[in-house]
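Provided below for reference: sequence and predicted model.
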Amino acid sequence: MSEQHEETHFGYRKVAKDQKADLVRGVFDSVASRYDLMNDLMSFGVHRLWKRFAVELSGVHAGQRVLDLASGTGDLADRFSGLVGPEGLVVMTDINANMLVTGRDRMLDHGHAGNIGYAQVNAEQLPFPDNSFDCITIGFGLRNVTDKQKALNAMYAALRPGGRALVLEFSKPVVKPLEKLYDLYSFTLLPKIGKLVTHDEDSYRYLAESIRMHPDQETLRGMMEEAGFENCDYHNLTGGIVAIHRGFKL
Amino acid sequence: MSTRDLALATLESSINALLRLDPFARRKLARYHGRVIGIHLRGPEITLYFVPDQQGELQLLGSIEGEPDALLSGSPLDLLRSGDREQGSQQLFNGRVSISGDTGLAHDFGATLAGLDIDWEEQLSRFTGDIIAHQLGNAARRTAGWTRDTGARLESDLAEYLVEEARLLPHPLEVEDFNAGVDALREATDRLEARLRLLRQRLEGQAQ
């Protein structure tokens, strides 16, 4: 195996594949406690609208089983827990224990319990039987995964036939002037905000860089098809700054 | 994603802010955790879907796949009135508000929602634009005003009819006259009673 295959991107840096998970964990350990505040600042609160739209595209309803990967503080899982009703199940996961604990505390504070399970999970190696979920979502998490294709394959396997996967992720702006403005914002302003709020400029620089390294809309759709998903489509939100990819297991 | 999502998010947080102040309403809604209640507004032709969570707070969706568990449909005005205890069943029976699916769920939900103090005109304007919402609001206000005025006018017209036209009821002056007559009669009988008592005393005095 050549050296190329053993390296992966960590933002713009190249690091050994087996190091990336630890490095990503470090980033999120550092931001966990103020993650929500930071998301609001970074996206001017629009991330809540992106997530609402993702929930609508999920078609999740009472009695279903939903797996939310890279849940973070659980914005998506929180809504799913309301939708699946007492008979349904939402499994909230994150690779980062700090993040998961913060998310679980938030769920309990909201009085959301009874139909939620928690698991510290690496999205590439899902510890669930095949065909066990009606819907699998990963919101702003796929770009932090070392082997994205492997994660998509694992998601496909864990889905029930008829189920669907949703990938909500930063993507490539489709409007040129917006792209310039967005670059200026994310490389100059964003790390400064990060420094002010979480006292961690590097973590937010990583976030900005990792967004640029993430596959664009068409590439990611190709990767989903490669994993076996059918009827794949994507919706550009806010001029393509964010895209929601959706694929079905038929 | 569009301004529609923003409108949904805003309406959702307004409703939930009010629900947080109303534990009774939330407890009622929490029983319907995960059930989908659709509200179809005729006129603007908007359907909103409400899903209560385990705490009785609501999630609003602009679209769902499949059918809601219950669907309430009517003009915004009729739906608002359907929450009213007195007018509610009337709205239902005269066909202005229709319910399909789980009627118990729809009725409970409609009553709970209508019981919240929400500026629906303001909220609807986010979906329909200010002008339509204002017209709807005006229509609601006009109808409420009309009912009040008509009620008062009807009352006086009815009284006049019964007294002057049908002569089923006496005029106030006749009643006054009648009352005065009753008073005079009562006083006369009192006097007669006193004179009888006096006469009896005299007769008893002569007999001794």
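Cool, the structure landed. Everything numeric here is computed off the predicted structure, so don't read it as measured data.

low-confidence bits of the chain, can you list those?
Unless you meant another one, I'm taking chain A. Along chain A, the parts satisfying pLDDT under 70 run over A:1-5, A:31-33.

chain B is the one I meant
Ranges of chain B meeting pLDDT under 70: B:1-2, B:77, B:80-95, B:117-168.

pop the domain breakdown of it in here.
Domain assignment of chain B by automatic domain parsing yields the ranges B:3-145, B:172-208.

reformat those domains as a markdown table; add mean neighbour count and distance to residue A:154.
From N, CA and C alone the C-beta is placed, and that goes for glycine too. Formatted as a markdown table, these follow (neighbours: other CB atoms under 10 Å in any protein chain shown; distance: least, CB to CB, whole Å):
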| stretch | mean neighbour count | distance to residue A:154 |
| --- | --- | --- |
| domain B:3-145 | 17 | 25 |
| domain B:172-208 | 9 | 89 |
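
need the ones you listed in TSV with distance to residue A:108, can you?
Output for the domains of chain B, formatted as TSV (distance: least, CB to CB, whole Å):
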stretch	distance to residue A:108
domain B:3-145	12
domain B:172-208	70
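
so for chain A, which of those sits nearest?
Set against chain A and scored by CB to the nearest CB, those come closest in domain B:3-145, at 2.1 Å.

can you give me the strands in chain B?
B:37-41, B:46-52, B:58-61, B:70-74, B:98-101 (DSSP state E).

repeat for chain A
Going by DSSP E, chain A shows strands at A:7-10, A:13-16, A:65-69, A:89-94, A:116-120, A:133-139, A:159-170, A:230-237, A:242-248.

does chain B sit close to the last one?
Read that as strand A:242-248. No - if you take CB under 8 Å from any CB of the partner chain as the test, strand A:242-248 misses chain B, and the best it gets is 8.9 Å.

who touches that strand?
Strand A:242-248 has contacts (CB atoms under 8 Å, 6 or more residues apart in numbering or on different chains) with A:50, A:53-54, A:57, A:156, A:162-171, A:217, A:220-221, A:224-225, A:227, A:229-237.

ok, back up a step: distance to chain A for the strands of chain B - can I get that in a markdown table?
What follows is the strands of chain B, written out as a markdown table (distance: least, CB to the nearest CB, whole Å):
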| stretch | distance to chain A |
| --- | --- |
| strand B:37-41 | 12 |
| strand B:46-52 | 6 |
| strand B:58-61 | 5 |
| strand B:70-74 | 13 |
| strand B:98-101 | 13 |
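
close enough to count as contact, residue A:191 and residue A:204?
Yes - contact criterion CB atoms under 8 Å: residue A:191 and residue A:204 qualify, at 4.7 Å.

and those two? which has more neighbours close in?
Legend: neighbour count by other CB atoms under 10 Å in any protein chain shown for residue A:191 and residue A:204, higher for residue A:204 (24 against 20).

what number of residues lie near the closest residue to the more buried one other than its chain neighbours?
Leaving aside its chain neighbours, residue A:204 sits nearest to residue A:194 (2.9 Å; criterion: CB to CB, 6 or more residues apart in numbering or on different chains). By the criterion of other CB under 10 Å, residue A:194 has 25 neighbours.

quick one, what contacts residue A:194?
Applying CB under 8 Å, 6+ apart to residue A:194 gives the contacts A:31, A:38, A:200, A:201, A:203, A:204, A:205, A:207.

what's the closest non-adjacent residue to the third one?
If the residues on either side of it in the chain are set aside, residue A:200 comes closest to residue A:30, at 4.7 Å by CB to CB, 6+ apart.

pretty sure the one you found contacts residue A:203?
Yes - at 5.1 Å, residue A:30 counts as touching residue A:203 under the criterion of CB under 8 Å.

need the overlap of contacts for the two.
Here residue A:30 and residue A:203 have no joint contacts, going by CB under 8 Å, 6+ apart.

so what does the residue of chain A found nearest chain B have for phi and psi?
Chain B sits closest to residue A:85 of chain A, with a gap of 2.1 Å, by CB to the nearest CB. Per-residue torsions, residue A:85: phi 70, psi 180 (degrees, to the nearest 10).

now swap in residue B:22 and tell me
phi -130, psi 80.

how near is the closest residue to it other than its chain neighbours to residue A:62?
Nearest non-adjacent residue to residue B:22, counting by CB to CB, 6+ apart: residue B:116, 7.0 Å away. As judged by CB to CB, to the nearest Å, residue B:116 and residue A:62 stand 24 Å apart.

please, where are all the helices along chain A?
For chain A, applying DSSP state H gives helices covering A:3-6, A:17-31, A:35-43, A:46-58, A:75-83, A:97-109, A:148-158, A:176-184, A:190-198, A:201-213, A:217-227.

can you tell me which of those helices is packed in deepest?
Comparing these by mean neighbour count (mean count of other CB atoms under 10 Å in any protein chain shown), helix A:75-83 comes out on top with a mean of 26.

gap between that one and the chain center?
15 Å (CA atoms, centre = their mean, to the nearest Å).

residues contacting that helix, please?
So helix A:75-83 is contacted by A:47-48, A:51-52, A:54-55, A:58, A:60-62, A:66, A:68, A:71, A:90, A:92, A:103, A:106-107, A:110, A:112, A:115-116, A:135, A:137, A:139, A:168, B:33-34, B:51-54, B:57, B:59 (CB under 8 Å, 6+ apart).

what about 7 Å?
Contacts to helix A:75-83, defined as CB atoms under 7 Å, 6 or more residues apart in numbering or on different chains, come from residues A:51, A:54-55, A:60-61, A:66, A:68, A:71, A:90, A:92, A:107, A:110, A:112, A:115-116, A:137, A:139, B:34, B:51, B:53, B:59.

quick one on the thing from earlier: could you dump the helices of chain A into TSV and include distance to residue B:97?
Shown next, in TSV, are the helices of chain A (distance: least, CB to CB, whole Å):
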stretch	distance to residue B:97
helix A:3-6	65
helix A:17-31	50
helix A:35-43	40
helix A:46-58	26
helix A:75-83	26
helix A:97-109	37
helix A:148-158	44
helix A:176-184	45
helix A:190-198	49
helix A:201-213	49
helix A:217-227	45
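
I figured residue A:29 hits residue A:95, correct?
No - contact criterion CB atoms under 7 Å: residue A:29 and residue A:95 do not qualify, at 10.9 Å.

among the contacts of strand A:242-248, which are in reach of chain B?
A:50, A:53, A:237 (CB under 7 Å from any CB of the partner chain).

tell me the spacing between the second one and residue A:246.
Okay, so that is residue A:53. According to CB to CB, residue A:53 and residue A:246 sit 11 Å apart.

is residue A:10 in a bridge, and if so with what?
With DSSP bridges as the criterion, residue A:10 is bridged to residue A:13.

sorry, back to before: my guess is the residue of chain A closest to chain B contacts residue B:31, does it?
No - contact criterion CB under 7 Å: residue A:85 and residue B:31 do not qualify, at 11.1 Å.
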